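> Predicted structure and sequence below. I'll ask about it afterward.
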Number of protein chains: 2
Amino acid sequence: MEKSLNIKQMSYFIAVAEELHFGRAAERLNVAQPPLSRQIKQIEEELGALLFNRGRNAVTLTQAGERLYVRLQKILADLDDTKLEIRRLGQGAEGRLRIGFVGSSTYGLLPTIIKSFRANFPQVNLSLLPMNNAQLHRALIRREIDIAFARPALNDLEFTTRHLGKEDVVAAVPDTLETALNGVISGEEVAAQNAILYPEYPRPSFADFIIDNFERQGIQLTKRVFTMDLQTALSLVAIGEGVCIVPASVSSTRRIGIKFMKIGLELEQTALSLNHRLDERGVQVNKFVTIAQQVARKTI
Amino acid sequence: MEKSLNIKQMSYFIAVAEELHFGRAAERLNVAQPPLSRQIKQIEEELGALLFNRGRNAVTLTQAGERLYVRLQKILADLDDTKLEIRRLGQGAEGRLRIGFVGSSTYGLLPTIIKSFRANFPQVNLSLLPMNNAQLHRALIRREIDIAFARPALNDLEFTTRHLGKEDVVAAVPDTLETALNGVISGEEVAAQNAILYPEYPRPSFADFIIDNFERQGIQLTKRVFTMDLQTALSLVAIGEGVCIVPASVSSTRRIGIKFMKIGLELEQTALSLNHRLDERGVQVNKFVTIAQQVARKTI
DNA sequence: TAAAAATACTCCATAGGTATTTTAT
DNA sequence: ATAAAATACCTATGGAGTATTTTTA
């Protein structure tokens, strides 16, 4: 097998080129002089070029040697640079993280998680990309994002999913709406209004979760209005078009024309899920997941 | 001893990064799979970074791996470039050659030598630097030139000298000057005129050579005028200031007011010398010397 | 459970060390 | 004549191969 100029030979050469003396170079390299001479000779043979003029009182670089010195210096510097960069990437202290998330997550855990991650890994470049579940799924499959905050969880063999705590659902209702019990809306009272739901697809969507949830408590939401996302749904509520069932954390928003009410039913809680590719083992994702779980545990 | 990322490991890594499959990469590298896995693992340990996500049906690059791939590609390309460049320099097919020469050499061998060298090594960058012997000496000591054409030879323990053939000396005389024998000037007739000599220093100079040369034939050149170089000396001859003894090859010039005459004495011939550093073993110089000697041999 | 990567263990190639010779000035 | 590099020869580290186990989806 052909054997090519290797790193050890390069540093041997650099040492001789700088010391211009085989003995001293060997000392500096902590090797004996003969192996050094041999390695230099091997380089000269492989490259077919005399690199040093060997004299009694002086070793000097030939033209070829001088060029090689200049070029190897740069190459070895590049290599050191590279090693440093990879080490930092390996620690997770640097790098990139592309995070997709559903709109409703912006009211709850997500901001806290992001804040905590930024505090711990300020050098990691975060992309935050709002999407619906369908887009999250596609983006994760195509490796366009690294992390997806979805509701409900993305269902794919290629993904791992973690639930970051559950929360109640509440009703966002027009602030003009009066209910029998103060601050609480009953299942029947919800069903009497248009149910503003989002998004319709992909199945199972958050809309499906809400419909099934009510159905299990014996309430049919028959008057359905579908929208694309939470923001649109809330706008419709604000102009009195109907009632929208949202995660409790959304009620931290103040919005003109809307009030939030507890629902008089034993509804299932909704879970925010953190999804990423099963085959992703990089530190950046790992560290992010760890921090996300810590934050979730503390917040519950 | 600490062992660092080496070339072999780099090419192993590149192969896996491109194949995204350890088995296929091993095949491509003509090694078995286990050593490949081991080397990759070693890189990961040394850099403290996971480079590949290993999955059942897929190996993918982590962020660190992707960066490493990009950077190593460039480094290995640079290295290949470098090897090519050094090989060419080693063949003598490329490079640089800085040649110093005394003015009188421009009439004789030098142009032919340069032409021949250029024909054989068109890619070698030649610098041609006219100098007197003192400057040639200094420049060679300081490694500012690689080759010196001097007359007489440079005398230094650090240099090797080759004589490129000898030639007679002739007299450059004002064209108004009449001599006893047609076309020949006797020793006495030379001594009767001012002897225009160049240069005075460093000793032994060409001027010394001429004075000693005549002295050995019993002619004292007592009326001496020293100039810096051949061109100045010839100018003085042209205005009738005296006679200048020059190498025969100089007579190939036509110059108004000057005629060249044989000298009626058994004078020693003058030799053009090619000098270079003893410790210079580079191919460029070697090839040049070889060609110079070939040309000199043919021309004699 | 099956494909692929990781480990265990052996062997050999090659880099390094010591003693000595050759080279160059 | 002598300092320094090159060669001879031996030793040992570590990379490669074969057989096998572990992992992961």
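Nice, thanks for sending it over.

> So for the lengthiest helix in chain A, mean pLDDT?
Longest helix of chain A, by residue count under DSSP state H: helix A:63-91. Across helix A:63-91, pLDDT averages out at 94.

> how near is whichever residue of the stretch 101-250 of chain A sits closest to chain B to B:Ala233?
Residue nearest to chain B within the stretch 101-250 of chain A (C-beta to the nearest C-beta): A:Arg143, separated by 8.2 Å. The C-beta positions use only the backbone N, C-alpha and C, and glycine is treated the same way. Distance of A:Arg143 to B:Ala233, given as C-beta to C-beta, to the nearest Å: 82 Å.

> I'd guessed A:Leu140 sits against A:Leu278; true?
No - using C-beta atoms under 8 Å, A:Leu140 makes no contact with A:Leu278, being 10.4 Å away.

> Give the residues shared as contacts by those two.
A:Glu158, A:Phe159 (C-beta atoms under 8 Å, 6 or more residues apart in numbering or on different chains).

> hey, where'd the strands end up in the stretch 1-150 of chain A?
Assigned by DSSP state E, counting those that start in this stretch, the strands in the stretch 1-150 of chain A fall at A:52-54, A:59-61, A:95-101, A:124-130, A:147-150.

> ok, back up a step: which of A:Leu140 and A:Leu278 has more residues huddled nearby?
A:Leu140 (25 against 16; other C-beta atoms under 10 Å in any protein chain shown).

> ok, the residue nearest to the more buried one when sequence neighbours are not counted to DNA strand D distance?
Nearest non-adjacent residue to A:Leu140, counting by C-beta to C-beta, 6 or more residues apart in numbering or on different chains: A:Ala148, 5.2 Å away. Using C-beta to the nearest atom of the strand, to the nearest Å, A:Ala148 is found at 18 Å from DNA strand D.

> Based on its surroundings, how many neighbours for A:Ala148?
Around A:Ala148 there are 27 other residues, counting by other C-beta under 10 Å.

> Break chain A into its domains for me.
A:7-87, A:95-165+A:271-299, A:169-268 (automatic domain parsing).

> need the contact list for the residue of the stretch 101-250 of chain A closest to chain B.
By C-beta under 8 Å, 6+ apart, the neighbours of A:Arg143 are A:Arg277.

> gap between it and B:Ser273?
Applying C-beta to C-beta, the value for A:Arg143 to B:Ser273 is 72 Å.

> Packing partners of the strand or helix carrying A:Ala296?
Element membership for A:Ala296, per DSSP states H and E: helix A:283-299. Applying 3 or more C-beta pairs under 8 Å, 6 or more residues apart in numbering or on different chains; DSSP states H and E, we find helix A:283-299 packed against helix A:63-91, strand A:95-101, helix A:109-120, strand A:147-150, strand A:159-167, strand A:270-277.

> burial count for the residue in chain A that DNA strand C sits nearest to?
Nearest residue of chain A to DNA strand C: A:Arg56, at 3.0 Å (C-beta to the nearest atom of the strand). Applying other C-beta under 10 Å, we find 7 residues neighbouring A:Arg56.

> where does it fall, phi/psi-wise?
Main-chain torsions, A:Arg56, degrees, to the nearest 10: phi -60, psi -50.

> ok, the nearest residue to A:Leu164 once chain neighbours are set aside - how many residues close by?
Nearest non-adjacent residue to A:Leu164, counting by C-beta to C-beta, 6+ apart: A:Ala296, 3.8 Å away. The local packing of A:Ala296 (other C-beta under 10 Å) involves 19 other residues.

> And A:Ala296, how far from A:Ser249?
Distance from A:Ala296 to A:Ser249, by C-beta to C-beta: 12 Å.

> Could you name every residue contacting both of those two?
A:Leu109.

> Show me the strands in the stretch 151-300 of chain A, by range?
Secondary structure of the stretch 151-300 of chain A, counting by DSSP E, counting those that start in this stretch: strands at A:159-167, A:169-174, A:184-185, A:195-197, A:224-226, A:243-247, A:258-263, A:270-277.

> what mean pLDDT does the fourth one have?
By that I understand strand A:195-197. Strand A:195-197 carries an average pLDDT of 95.
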